[in-house]
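**Q** Starting from these lines, generate the structure:
(chains A and B)
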Amino acid sequence: MQELLSGVELPKKLKSNTSTKTIVLVGQPNSGKSTLFNALSDVKVSTANFAGTTVEYKETHIEIFGEQVHLIDLPGIYSLNPIEPAEFVTVSFLFENPIDLILNVIDSTLITKSLELTTELLELGIPMVVVLNMKDEATKKGIQIDEFVMSKIIGVPVVKISALYRKGINELLEAISLQISPEKTYPIPAKFTFHIEKWINKIEKSIIPLNSTEFYPRFFAIKLLENPSLVSKYLISFDSNSVENAKQDILKHHQTSLFEAFAYERHHFSMELTHKTTKYTSKRTVPLIEKIDLLFLKPFPGYFFAILFFALYFLVVFWVGNALSTLLEIPLSNLGSSIEPLKTSYPFIWPLVDGLFQGFSGALGIVFPYFLPLLILTAVLEESGYMARIAFLMDAVFHQIGLHGKSVASFVMGFGCTVPAIYATRIVENRRDRLIASILINFIPCSARLTVIFALTTALTGPIWTIVIFGYILFAIAATAKVLSVFYPKPIGLIMEVPPLRYPSFTIVLRKTQYKLVEFFKIAFPFLLAGSVVFSIIDYFNFTDFLNKILQPFITSLLGLPQELGSTLVFGFLRKELAVFMTAQAFGISDLKLLPLTTHQIVIYLVFLVFYLPCVSTSAVLYKEFGAKHLGLIILVGILLSTISALIFKFVLTTFF
Amino acid sequence: MVVMFLTEANNEKIVKIVSIDTGKGAKQRLIALGLHPNDLIQIVSNPGFGPILIKNISKNDARIAIGRGIAQKIKVEYVN
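**A** All right, here's what the predicted structure looks like:
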């Protein structure tokens, strides 16, 4: 439930406090950065937003041997030459904030690949500690890394740890403590071939940076050569003639662009670094988990498992949600009857009390039970790496509707909350794909809408209709995608790392669930209460009748629904789950089972509710990401799709059933 | 050695990357993921439709999924 959090801008620049040292975690995706962050921090973690953006990072203040440090977990990057919008954010953070220490987290089992980023980080000239994470897995795979030799070559401490099993954390803390003390050591960057070095040295001397910076001038010289647009805004002046001459010269000697020349040089350095430090002991045997993994990755039986998995996913949410909801019903209805006397004794404040109670019991009794299992299962899906398998398999399917598999993760996230799902499309490089993915994500029932679907179908129609509604939603999304790809042709290709399949860590899954739950109670919960109070007061002054009357032609005449549902749709725009307990409130009943609606009406209402409008926070995010014009387009597509869908259902249901 | 496109390489074969002839963006991404010319890669899954899954033997078996459109612009050759 990050909807509100992300809707609010929290521009924030790091305060440069001389006594508190700033330490950032930098690493490639899936290197175990967040696991290490959790291992180092206690529970006092806060999420914040990057200045001017809404990409989140986690931060905390901890004490290391008496020294106060500010620890920041930056989103994963593959390179300091960013491509995706999210990577740009991490890289600019590194450029724009005073940083005392970089913790470069590496997945030891992928050491050769990971050292290419390390090679780039060495060029920055900021004190570093290289953290070889997942040391046990590496040993199991027969990878032996000599951290002391590596440390000698690159000039900074190298520590082997297992963040998950909390091994080597003390050694790491000692290394950190050394690197933030006056005895700290600076990295020794890679030396390139003579032709390139000659130009770096020349340009380096001419650089005048905008702010006094901790970086080596060498870093700016390198970046001016390989990726000038990235750094030129941080410089007052530099020798632009030399940059131009260097381009010509290197093209002549290496027959490549400067960008590729540097990539090749770093590749060479990191390969050599691995050769000098890493031995492969055991012969390569394919571990069991990789054999199992193939079953998930090959189209047969991969698709079969994917379908099975999703069926299970929704069944578990359904069952657990239903059970929890039943469990909470008794204490909540007891609470309800205990405040009942207030209605007669204090009629003036009754709307307020009643609204608060309705909001409270709705959030706790209807939303929370379905939200909790969804959170846990989504965390498992992400942590195990199975999400990437689904993305890989679905690429072939997604290609048909003009998208590629990379968007799958954001689609799955859409089942949790639309807002972070739209942010997650930032891993898609191309704007056209992002826009289409975002339009479609809107139509994926988020946990709020799932709650409404589950709550109403469980109470009134039975699971068959849940499946029918889901089937239709998927069909409608695919059909919309197909139509959109006529207007926006040219899908681009997929390039995606597939991280190893791992047993999901119990603690990490719990942590992730906990973060999201705390967010829910801190941010969404008050909103639900307030919405409910407002509804109650509006109801008290008979304003709902007014809303219902306005919407009556549409709701009753066109869709064949009772007019009381009109106002619930207005509240559904604020938060989708408000719609469900507003329906209860609108009809003045306490138990959804008593709703005076036929099965047909419930189904039509749900189909309409899922598509009709993005909720208010989603609208805000879409506006920020794509502008007013595209938000208008998205709303238009939504209203069209929801009305058409509701009419189709009305027609089919009344004709054939 | 016969040079072919990555899309034509068979399951489980080990091939060497001869050249990457994609656009700049895709090339930059492939490089960032550790894929370079002369790297040895193994075809994990090439079902004939959809993306191809490869494993970069030169880089600790890091696994990368490559869409067919891009794979058609990568030249490889079999090694034994």
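
**Q** SS state for the residue in chain B positioned nearest to chain A?
**A** For chain B and chain A, the shortest gap (CB to the nearest CB) falls at B:G50, measuring 2.7 Å. From N, CA and C alone the C-beta is placed, and that goes for glycine too. Of the three states, B:G50 takes coil according to DSSP: H, G, I helix; E, B strand; the rest coil.

**Q** Keeping just the C-alphas, turn the helix or strand containing A:I106 into PDB.
**A** Per DSSP states H and E: A:I106 is located in strand A:101-107. C-alpha atoms of strand A:101-107 as PDB (Å, rounded to 0.1, in the frame of the first residue of the first chain):
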ATOM      1  CA  LEU A 101      32.300   5.100   1.900                       C
ATOM      2  CA  ILE A 102      31.000   2.900  -0.800                       C
ATOM      3  CA  LEU A 103      30.200  -0.700   0.200                       C
ATOM      4  CA  ASN A 104      30.300  -2.500  -3.100                       C
ATOM      5  CA  VAL A 105      28.200  -5.700  -2.600                       C
ATOM      6  CA  ILE A 106      29.100  -8.600  -4.900                       C
ATOM      7  CA  ASP A 107      27.400 -12.000  -5.400                       C
END
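
**Q** circling back: what sits closest to the residue of chain B closest to chain A if chain neighbours are left out?
**A** A:A396 (2.7 Å; CB to CB, 6 or more residues apart in numbering or on different chains).

**Q** That neighbour: what secondary structure?
**A** A:A396 is classified as helix under three-state DSSP.

**Q** looking at it, it is touching B:F49, isn't it?
**A** Yes: A:A396 is in contact with B:F49 according to CB atoms under 8 Å; the separation is 5.4 Å.

**Q** For those two, list the residues in contact with both.
**A** Common neighbours of A:A396 and B:F49, counting by CB atoms under 8 Å, 6 or more residues apart in numbering or on different chains, are A:P299.

**Q** about what we covered before: which other helices and strands contact the strand holding A:I106?
**A** strand A:21-27, helix A:33-40, helix A:111-122, strand A:128-133, helix A:169-179 (3 or more CB pairs under 8 Å, 6 or more residues apart in numbering or on different chains; DSSP states H and E).

**Q** and the angle from the last one to strand A:128-133?
**A** In this case it means helix A:169-179. 170 degrees (axes from the mean of the first three to the mean of the last three CA atoms, to 10 degrees).

**Q** Show me what the mean pLDDT comes to for helix A:169-179.
**A** For helix A:169-179, mean pLDDT rounds to 94.

**Q** Which elements pack onto it?
**A** Applying 3+ CB pairs under 8 Å, 6+ apart, we find helix A:169-179 packed against strand A:56-64, strand A:101-107, strand A:128-133, strand A:158-160.

**Q** Need these in a markdown table (columns: mean pLDDT and mean neighbour count).
**A** A markdown table is the format used below for the helices and strands packed on helix A:169-179 (pLDDT from 0 to 100; neighbours: other CB atoms under 10 Å in any protein chain shown):
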| stretch | mean pLDDT | mean neighbour count |
| --- | --- | --- |
| strand A:56-64 | 83 | 17 |
| strand A:101-107 | 96 | 25 |
| strand A:128-133 | 96 | 26 |
| strand A:158-160 | 97 | 22 |
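
**Q** Distance to A:S557 for those strands - can I get that in TSV?
**A** Output for those, formatted as TSV (distance: least, CB to CB, whole Å):
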stretch	distance to A:S557
strand A:56-64	45
strand A:101-107	60
strand A:128-133	62
strand A:158-160	70
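
**Q** what's the neighbour count on the closest residue to A:I203 other than its chain neighbours?
**A** Once flanking residues are discounted, A:I203 sits nearest to A:A221: 4.1 Å by CB to CB, 6+ apart. A:A221 has 25 neighbours, counted by other CB atoms under 10 Å in any protein chain shown.
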